[in-house]
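1. Have a look; sequence and predicted model below, questions after that.
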Amino acid sequence: MVAHGQAEDLAGHHHGPPAPHYSSRITPGVLGMFLFIASEVMLFGSFFTAYFFIRVVNGVPWPTPPFQLPVYVAFINTCILVTSSFTMHWALQSIKRGNVWGLRAGLLLTFLMGLTFLITQAREYSRVGFAPKDGAFATIFYCLTGLHGVHVFVGLSILLFMTIRAFRGHFSAEHHHGVEIGGIYWHFVDVMWIIVYLTVYIL
């Protein structure tokens, strides 16, 4: 039987559950973001499957006449979004070196380019000349590009939050996990657009 003093001593050294242990190569936050991205890849995969059956299996013309796709505008928009990945990488590398101003400039540029992409896409919708109701081609076009547009909007919301925190001095060379996790999501958005662009506008 444990003495009263020993019980108090044992109780004093146990204030809750033990500290979690995880691999030093990846933090729980980063792992969680990768798992979330995996689920989003499956979501995009379902729409690409519909695209495959409509265009390849059923042989629907792409684009269906008389509709045309603004390939040139989409190419410029793609260049803007791809460039934003480089500024996002610059922001993360800057804060890892303790360069707060590089972080702020990188995040701000990334946000502005992402916003430009989204505004250009919305303008493209207003001028493209067809709506989701105009056949299977139009439906899949809006589903794929619109789904990606939603992800860009989410990414912009994350970027805005990160930029505000950066200007308030919340990140440092030792504490920058928020930038890293947000950057992973933004790179996913950029890579997914390249796939959408090649599939919808080029192939």
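-> Ah, there it is.

2. shaky segments in the protein?
-> Scanning the chain for pLDDT under 70 picks out the ranges 1-24.

3. where do the helices sit along it?
-> 4-12, 28-52, 71-96, 100-127, 135-167, 177-197 (DSSP state H).

4. Residue 65: which of the ones you listed is closest?
-> With C-beta to C-beta as the measure, helix 135-167 is the member of the helices of the chain nearest residue 65 (9.8 Å). All C-beta spots, glycine's among them, are computed from the backbone N, C-alpha and C.

5. Tell me the gap between the closest one and the middle of its chain.
-> How far helix 135-167 lies from its chain's middle: 8 Å, per C-alpha atoms, centre = their mean, to the nearest Å.

6. Report all helices and strands that it contacts.
-> Applying 3 or more C-beta pairs under 8 Å, 6 or more residues apart in numbering; DSSP states H and E, one finds that helix 135-167 makes contact with helix 28-52, helix 71-96, helix 100-127, helix 177-197.

7. Reformat those helices as TSV; add mean neighbour count and distance to residue 138.
-> Output for the helices and strands packed on helix 135-167, formatted as TSV (neighbours: other C-beta atoms under 10 Å; distance: least, C-beta to C-beta, whole Å):
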stretch	mean neighbour count	distance to residue 138
helix 28-52	13	12
helix 71-96	18	16
helix 100-127	18	11
helix 177-197	19	15
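
8. and of the ones you listed, who's closest to residue 147?
-> helix 28-52 (6.2 Å).

9. roughly how far is stretch 60-73 from the heart of the chain?
-> Counting by C-alpha atoms, centre = their mean, stretch 60-73 is centred 27 Å from the centre of its parent chain.
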